[in-house]
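>>> Mind folding the following:
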Amino acid sequence: MPIRVPEALPAQKLLQQENIFVMDSARAATQDIRPLEVGILNLMPNKIETELQLLRLLSNTPLQINVDLIRIDSCAPKYTPQSHMDAFYTLFDDVAYKQYDGLIITGAPLALMPYNEVKYWDKIAAVFEWTKRHVQSTLYLCWAAHAAMYHFHGVNRNLRKDKLSGVFSHRVPQPQNELVRGFDDTFWAPHSRFGEISSQTYNSIDGLNVLAESPEAGAYLVASSDKRTVLLTGHPEYDPETLSEEYARDTAEGCNPTLPKHYFVDNDPTKKPIVNWRSHGSLLYSNWLNYYVYQNTPYDLNTLSKTGN
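All right, here's what the predicted structure looks like:
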């Protein structure tokens, strides 16, 4: 949240140069406040685990948030009880009339499948178009980030021979962007994916900027200049054991996975993981909610449909 200071206070300019959010009294007096409306379109098969991870990060802010859990279709999820879906999830078609301050579209276990072979691709493409008129800022995670690049810009991901798995060090090439406000010069974050798109490709598209990247893992955080699109290729929401569980699952299925890098103590999968990404994850989601959503969304959400491209 911003600090409120008197207009023309000498410290204001210096604080802003340090990328600290300062609001003068005149702006503060004109702010309208209401709960934020945020949707989570959950494409993961284990929806309970994913929703817990995301809600944990969304809760780390003084903002009041109303959350809708959304499903793409009525097909029974593989690892989630139907009773849970019936009690807590709403079909996208049933909320398509709504306007949202923010929307999160999760990844999906579709790493090696061409987009046009995804059974709900037409629906996902329709959702992507819908966001332009109904959502102030959309956060696309992992598979969804690459799918959005394909849909909006015609850029297809490259597929690695081995899954990129581990916790990697990242740098911040544009530290003045509000989405990375407060980030250290280097920070750690998990990745778990086959797909990749180079930083050069992202930056070559007008209006897109790579805000965080890794020498080993590549582009991590990409945002549009108008703040309405955020592409996140990693998983700061992961629990400490998530990569370990994925490694054990892939091993049991005979996939011969590569050991997650920079993750286990002494690179020994019998030892505990090194957890060094949670504070960064909390800060990233807080920045998104504050600077990309709260500070830019209209008080009357109905005006979004009039401003969308």
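>>> helices and strands around the lengthiest strand in the chain, which ones?
Counting residues, the longest strand found in the chain (DSSP state E) is strand 158-171. In terms of contacts (3 or more CB pairs under 8 Å, 6 or more residues apart in numbering; DSSP states H and E), strand 158-171 is packed against strand 186-196, strand 208-214, helix 242-252. All C-beta spots, glycine's among them, are computed from the backbone N, C-alpha and C.
>>> In the stretch 51-200 of the chain, mark out all the helices, start to finish.
82-88, 92-95, 121-134, 143-153, 199-204 (DSSP state H, counting those that start in this stretch).
>>> Can you check which of those gets nearest to Tyr285?
When the helices of the stretch 51-200 of the chain are compared for distance to Tyr285 using CB to CB, the nearest one is helix 143-153, at 15.2 Å.
>>> Which other helices and strands does that closest one contact?
Short answer (3+ CB pairs under 8 Å, 6+ apart): helix 143-153 packs on helix 121-134, strand 186-196, strand 229-232.
>>> Would you mind finding the most buried of the ones you listed?
strand 229-232 (a mean of 26; mean count of other CB atoms under 10 Å).
>>> Pull up the pairing partners for that one, direction included.
Sheet pairing for strand 229-232, assigned by DSSP bridges, gives strand 135-141 (parallel), strand 218-224 (antiparallel).
>>> if we compare these, which one ends up closest to Leu58?
Short answer: strand 135-141, nearest of those by CB to CB, at 10.3 Å.
>>> export the closest one as PDB, just CAs?
Coordinates of the C-alpha atoms in strand 135-141 are reproduced here as PDB (Å, rounded to 0.1, in the frame of the first residue of the first chain):
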ATOM      1  CA  VAL A 135     -10.700  -7.800 -16.800                       C
ATOM      2  CA  GLN A 136      -8.400  -5.000 -15.700                       C
ATOM      3  CA  SER A 137      -5.300  -7.200 -15.400                       C
ATOM      4  CA  THR A 138      -4.900 -10.800 -16.200                       C
ATOM      5  CA  LEU A 139      -2.100 -13.000 -14.700                       C
ATOM      6  CA  TYR A 140      -1.300 -16.000 -16.900                       C
ATOM      7  CA  LEU A 141       0.700 -18.800 -15.200                       C
END
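>>> looking at the helices and strands packed on helix 143-153, which is closest to Tyr299?
helix 121-134 (16.1 Å).
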